[in-house]
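Trainee: Turn this into a structure:
(one chain, ligands or ions: 1)
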Amino acid sequence: MKTAGIYIHVPFCRKKCDYCSFYSIPYDSGLAAKFTDAVAENIAATSDLLKKHNADAIYFGGGTPSLLNDSQLDHILRAVRDNISVSENAEITIECNPADIDSGFFNAKSDLSVNRFSIGVQTLNMNSYSFLGRNGGFADERFLNVINDNSWRNISLDYISALKNQSSENAAEEIKRMIKTGAKHFSVYLLSVEQGTPLFSRFDFPENYDDHQAEIYYLVKNILEENGYRHYEISNYSMKGYESAHNLKYWNFEEYAGFGPAAHSFINGERYSFKDDVKGFCEGNFVKITDSRTEKDALCEFIMTALRLRKGISVNRLKSLFDDEIQQSVTDVFRRFLETSMLEENRENGVIHFRVPDESIIITDTVIEQICRELV
Ligand code: SF4
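Mentor: Residues are numbered from 1 along each chain as shown. Here you go, the predicted structure:
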């Protein structure tokens, strides 16, 4: 049997954060109840797609999945287990907002078999919190103590670094305070100011902003590595054995099935997403948008995702995914890039991988763009 990830997109938030460009709508308890039933129905209706798969990772993303109550979460998990084969030791993650976490939160979710918690802390600084226009749930001392009390669990914290005026001292202090909680995993994002967001309209890009972001990026990376976290993906660090099994599926070009409005799937060679329309979805209109792409698009997407991994791309993986001609042309381009500072060879378990060297991680997007341009 093949393995696959299951992704449930929970599209509700208390209020939109000013920097956010993800699909979500304001939380409404009536709609959340309808959404739960619709997702369960959609899973049952789509289960044929997964009859040859074993789900080894289930991920509730959003939005703010921790807004669902326990019985709603249980209803969806039952629908998954009733219709799809699930591994006994599957990683089951829920993204959470600090506002939803109290001393009973972790036990209640663990009783439902959730075993990984990805928490959107983003900042420990109230000025940064206001600057970001973040909604609900500032991670205060009470919150940090609850995380510390639960440090034996599989907890991941999200951190947005390199805000416009953030000093190195402030970034170092913030990440060290987060490390003290004993979290097993960190996702560290550089602030990305997307067009169309409220933050973009009030953001004044300072001079040398790229240099500022690079300085903070390497500072945070060094602190995490000094504290035993392994840098395994551009933005992700973990203690050994605590990498995100679900997100690794995206980066390794492995299969996953998404449920819920705006959820994406890559399963049985097909790529599609559900329309970003919560109300329609709740009425049972599971409108699928098929993603038809050329082989070159698929190849570039593979390079784009796999080069995010710090181990890089192995020749064996290229061989397993693409025909000889494509694999040869990619390897030729990679070899040319080895003569620049944009790629280097890395040996993992004796197998040659191509990866972006440490000093160029910050320009990974540019490296990928240039590689894809050279591919015919
Ligand atoms: S909580 Fe997350 S998904 Fe919701 S608006 Fe804020 S950043 Fe976006």
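
Trainee: how many other residues sit next to Tyr7?
Mentor: Tyr7: 22 surrounding residues under other Cβ atoms under 10 Å. C-beta coordinates here come from the backbone N, C-alpha and C atoms, glycine included.

Trainee: Next one: it from the ligand, what distance?
Mentor: Applying Cβ to the nearest ligand atom, to the nearest Å, the value for Tyr7 to the ligand is 14 Å.

Trainee: which residues does the nearest residue to Lys249 once chain neighbours are set aside form a beta bridge with?
Mentor: Leaving out its chain neighbours, the residue that sits closest to Lys249 by Cβ to Cβ, 6 or more residues apart in numbering is Gly5, at 4.4 Å. Gly5 has these beta-bridge partners by DSSP bridges: Ala57, Tyr256.

Trainee: low-confidence ranges in the stretch 51-200 of the chain?
Mentor: Within the stretch 51-200 of the chain, no range satisfies pLDDT under 70.

Trainee: Get me the contact residues on this structure for the ligand.
Mentor: For the chain, the contact set with the ligand under Cβ under 6 Å from any ligand atom comprises Cys13, Lys16, Cys17, Cys20, Phe22, Ser24, Gly62, Gly63, Thr64, Asn97, Gly120, Asn135.

Trainee: And the pLDDT for the residue nearest to Lys249?
Mentor: Gly5 is assigned a predicted lDDT (pLDDT) of 98.

Trainee: what's near enough to touch Arg293?
Mentor: Arg271, Glu301 (Cβ atoms under 8 Å, 6 or more residues apart in numbering).

Trainee: Next up, phi/psi of Asp37, please.
Mentor: Main-chain dihedrals, Asp37, degrees, to the nearest 10: phi -60, psi -40.

Trainee: Quick one: residues contacting the spatially most central residue of the chain.
Mentor: By Cα atoms, centre = their mean, the chain has its centre lying nearest to Asn247, at 5.6 Å. Residues in contact with Asn247, defined by Cβ under 8 Å, 6+ apart, are Tyr59, Glu233, Asn236.

Trainee: coming back round to it: now list the buried members of the residues of the chain next to the ligand.
Mentor: Cys13, Lys16, Cys17, Cys20, Ser24, Gly62, Gly63, Thr64, Asn97, Gly120, Asn135 (16 or more other Cβ atoms under 10 Å).

Trainee: Not counting its neighbours along the chain, what's nearest the last one?
Mentor: When you say that, I think you mean Asn135. Lys15 (4.2 Å).

Trainee: quick check, the one you found in a helix?
Mentor: No - applying DSSP: H, G, I helix; E, B strand; the rest coil, one finds Lys15 to be coil, outside a helix.

Trainee: Tell me who's in contact with it.
Mentor: Taking Cβ under 8 Å, 6+ apart as the test, what Lys15 contacts is Pro26, Asn135, Gly136.

Trainee: what's the average pLDDT for stretch 277-286?
Mentor: Rounded mean pLDDT across stretch 277-286 is 94.

Trainee: how close does the residue nearest to the centre of the chain get to the ligand?
Mentor: 16 Å.

Trainee: That residue sits in which helix or strand?
Mentor: According to DSSP states H and E, Asn247 maps onto helix 245-251.

Trainee: Dump stretch 50-59 to PDB, restricted to CA.
Mentor: Written as PDB, here are the backbone C-alpha positions of stretch 50-59 (Å, rounded to 0.1, in the frame of the first residue of the first chain):
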ATOM      1  CA  LEU A  50      -7.600   6.700  -1.400                       C
ATOM      2  CA  LYS A  51      -8.500   3.000  -1.400                       C
ATOM      3  CA  LYS A  52      -5.000   1.900  -2.200                       C
ATOM      4  CA  HIS A  53      -3.400   4.300   0.300                       C
ATOM      5  CA  ASN A  54      -2.600   4.200   4.000                       C
ATOM      6  CA  ALA A  55      -2.800   7.700   5.700                       C
ATOM      7  CA  ASP A  56       0.300   8.200   7.800                       C
ATOM      8  CA  ALA A  57      -0.200  11.900   8.500                       C
ATOM      9  CA  ILE A  58      -3.400  13.900   9.100                       C
ATOM     10  CA  TYR A  59      -3.100  17.700   9.200                       C
END
